[in-house]
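> Sequence plus predicted model, see below.
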Amino acid sequence: MEAREDKLVILDRDGVVNVDSDQFIKHPDEWKPIVGSLEAIAQLNQAGYRVVIATNQSGVGRGLFDMVTLNAIHEKMMDALSRVGGRIEAIFFCPHAANVGCECRKPAIGMFVEISQRYSIPLSQVPCIGDSLRDLQAAETTGAKPILVRTGKGEKTIATGGLPKGTLIFDDLAEAVRAIIIEETA
């Protein structure tokens with residue numbers, strides 16, 4: 001099925017698509033998909049959704065890895081996705097360390113504004129799936145639909161509280177995707 005211009009889903013990467021690490025994913029060998037996540041992205045594609053990633057990658061700004069390595073990590077993800085029939089339309093990332101005060105690092109909305117501009121659509125009610133409060137805050141600020149998964153930092157995020165009103169919570173990306181597709185067909 002061809003992706004429609006108005007059907008978009010925004011995903012965080014670490015903890016949503018792949019296993020997260022407090023030490024950062026610094027090498028392609030460390031990138032491991034969460035069970036069912038790649039197939040979930042393929043299901044979104046088959047349902048006509050464009051899927052983009054918006055991810056903070058402060059490891060670049062901290063000097064833990066460089067852009068060549070980040071690109072290699074993303075290539076590994078894209079290759080793994082293509083093997084199950086999935087596709088990421090684009091990857092938006094913030095390479096800055098947390099102390100820089102940039103406009104792109106979530107919970108700031110720079111990446112979301114760029115996504116909205118690139119695809120010429122308002123983000124109102126666009127599903128935005130993350131595992132941390134900052135993912136949800138960026139979604140809420142732009143009018144997107146905040147969705148939290150329990151994978152990655154999700155359980156810790158739930159325990160900390162302060163979730164935006166109306167945040168939906170699912171066990172993982174696969175469960176969230178099933179709900180998005182069911183809601184669309186209801």
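Yep, it's here.
> Please give the centre-to-centre distance between the helix or strand harbouring Ala80 and its chain.
Following DSSP states H and E, the helix or strand that holds Ala80 is helix 67-83. Its chain's C-alpha centre and that of helix 67-83 lie 15 Å apart, by C-alpha atoms, centre = their mean, to the nearest Å.
> Please work out the average pLDDT along it.
Mean pLDDT, helix 67-83: 98.
> Note down every partner strand of the next helix or strand after it and its orientation.
Per DSSP H and E, helix 67-83 leads on to strand 90-94 as the next helix or strand towards the C-terminus. Next to strand 90-94 in the sheet, as set by DSSP bridges, lie strand 50-56 (parallel).
> ok and the partner strand relative to helix 67-83, angle-wise?
Taking axes from the mean of the first three to the mean of the last three C-alpha atoms, to 10 degrees, one finds that strand 50-56 is oriented at 150 degrees with respect to helix 67-83.
> Run through who's touching strand 50-56.
3-5, 7-14, 17, 41, 44-45, 86-94, 105-106, 111-112, 115, 119, 128, 134, 138 (C-beta atoms under 8 Å, 6 or more residues apart in numbering). In this view, the C-beta of every residue, glycine as well, is placed from N, C-alpha and C.
> ok, now stretch 72-80?
The contact list for stretch 72-80 (C-beta under 8 Å, 6+ apart) reads 13, 17-18, 25, 27-28, 30-31, 33, 38, 87-88, 91.
> Mind checking which of the residues you listed are in strands?
Ile91 (DSSP state E).
> Buried only: go through the contacts of strand 50-56 for me.
Buried members of those, counted by 16 or more other C-beta atoms under 10 Å: 3, 7-14, 17, 41, 44-45, 86, 88-89, 91-94, 105-106, 111-112, 115, 119, 128, 134, 138.
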